[in-house]
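Enquirer: Build me a model from this:
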Amino acid sequence: MEFENNIEIGLGIFTVPDIASILNLKYSKVNSLLNEYWDKRFASQYGEKYSWKVHNSKAVSFHTLVEFYIFFQLKEVGVPTQKILDAHSQLSMLFETAFPFASSKIIEKMTCMGKRIVFEINENDLINLDATKQLNLKFIKQFAQNLDFDKNNLANKFYPLGKSNSVVVDPEHQFGQPVIKNTNIYPQTIYNLHKSKESKKFIAESYEISLKQVNDAIDYCKSVA
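Expert: Predicted coordinates for the structure are as follows:
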């Protein structure tokens, strides 16, 4: 099957520890799910690889990172894995993308009806997933609100603490590692200076950023500590 968004292109480089940190999830769960589903089932289904090795650690693209969060939430509420895989396959074909769970068209039309999770394809076509627990949809809706999407409706930026905070995961900067928006400055760089007792004013002037950006970087680093 041909996709408009070739998964060989990939954007960003995110290792398992990166995903766990950025999405605030346990390393062990991230590692096991990537191994079982993206590396084995999805790769087998599409005939492509979703991950590669970086310094002996598994790495994936930004779109896989976004999809992982949706997949994880569905698993957490007890949707059978095969049902998620089937939905992923159907949505991939319908929307002609290898990353349907990273598409605004799909995320925005995801709703809950009791213990059923529904993807609305059009007025007459729905994909239903039965869960064992009620999905708190606000987590996914909040996640979507913290994303920017490109002209193809695929996620292209993620703001871990929301768009009011200037720290962003942008594959076009530093391979997708969290940076201060529109710069290549790592939040950890700012935080390290702050911990070394440098004044916020000095840090801001040294890096030609605002005090708000300094505070945002500090807040982000504290949130992932």
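Enquirer: any chance you could map the helices in the chain?
Expert: 16-23, 27-33, 43-46, 62-76, 81-95, 104-107, 137-145, 187-195, 200-207, 211-224 (DSSP state H).
Enquirer: Could you figure out how far the fourth one is turned away from helix 16-23?
Expert: Yep, that's helix 62-76 we're talking about. Relative orientation of helix 62-76 versus helix 16-23 (axes from the mean of the first three to the mean of the last three CA atoms, to 10 degrees): 70 degrees.
Enquirer: Please name every helix or strand in contact with helix 62-76.
Expert: Counting contacts by 3 or more CB pairs under 8 Å, 6 or more residues apart in numbering; DSSP states H and E, helix 62-76 packs against strand 14-15, helix 16-23, helix 27-33, helix 81-95, helix 137-145, strand 155-158. Glycine gets a C-beta too; all of them are placed from N, C-alpha and C.
Enquirer: List the buried residues for that helix?
Expert: 62-71, 73-75 (16 or more other CB atoms under 10 Å).
Enquirer: Just list the residues touching the closest residue to Phe14 other than its chain neighbours, thanks.
Expert: Distances taken as CB to CB, 6 or more residues apart in numbering place Leu65 nearest to Phe14, at 5.0 Å, with adjacent residues excluded. By CB atoms under 8 Å, 6 or more residues apart in numbering, the contact set of Leu65 is Gly12, Phe14, Asp18, Ile19, Ile22, Leu23, Phe158, Val169, Gly176.
Enquirer: Pull the distance from stretch 186-202 to the chain's centre.
Expert: 27 Å (CA atoms, centre = their mean, to the nearest Å).
Enquirer: Can you get me the start-to-end distance on that stretch?
Expert: This stretch, stretch 186-202, spans 17 Å end to end (CA to CA, to the nearest Å).
Enquirer: For Ala204, see how far away the residue nearest the centre of the chain is.
Expert: Centroid-nearest residue in the chain, with CA atoms, centre = their mean: Val66, separated by 2.5 Å. Distance, Val66 to Ala204, by CB to CB, to the nearest Å: 31 Å.
Enquirer: Also Arg116?
Expert: Distance, Arg116 to Ala204, using CB to CB: 50 Å.
Enquirer: Now do the domain split for this protein, please.
Expert: The chain breaks down by automatic domain parsing into domains covering 14-158, 175-224.
Enquirer: For the closest residue to Ile209 other than its chain neighbours, list each beta-bridge partner.
Expert: Closest residue to Ile209 apart from its sequence neighbours, by CB to CB, 6+ apart: Ile180 at 6.2 Å. Beta-bridge partners recorded for Ile180 (DSSP bridges): Val167.
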